[in-house]
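Asker: Give me coordinates for this.
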Amino acid sequence: MIDVVFNYNPMMHTVVQVDQARFDGCTVSAGDTTYTSGNNKITLAAVFFICNFPGYCTNGMKIAMATQ
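Answerer: Residues are numbered from 1 along each chain as shown. Got it, this is the predicted structure:
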């Protein structure tokens, strides 16, 4: 497991934890965990994150992380 820190402007971005299908399609569902503080520390194994502001994910604002 690793800790990942997301620092961002919460007026312009979010961090949403999604599964691979929603990561690939840049979609969000009501059950996804959304971080909005601008400073989030998340412990993870293998996860996918996207920004759900319109157009951001489809323009590349997303990241897939996996631990070995």
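
Asker: Tell me which helix or strand the residue most central in space within the chain sits in.
Answerer: Nearest to the geometric centre of the chain sits F49, at 2.3 Å (CA atoms, centre = their mean). Here F49, judged by DSSP states H and E, is contained in strand 46-50.

Asker: contacts for the helix or strand following that strand?
Answerer: Downstream of strand 46-50, the next assigned helix or strand under DSSP H and E is strand 62-66. Under the criterion CB atoms under 8 Å, 6 or more residues apart in numbering, residues 2, 4, 20, 23, 26, 44-51 lie in contact with strand 62-66. Where you see a C-beta, it was placed from the backbone N, CA and C, and this is true even at glycine.

Asker: one step back: ok, the residue nearest to the centre of the chain to M61 distance?
Answerer: 9 Å (CB to CB, to the nearest Å).

Asker: which residues does I50 bridge with?
Answerer: With DSSP bridges as the criterion, I50 is bridged to V16, K62.
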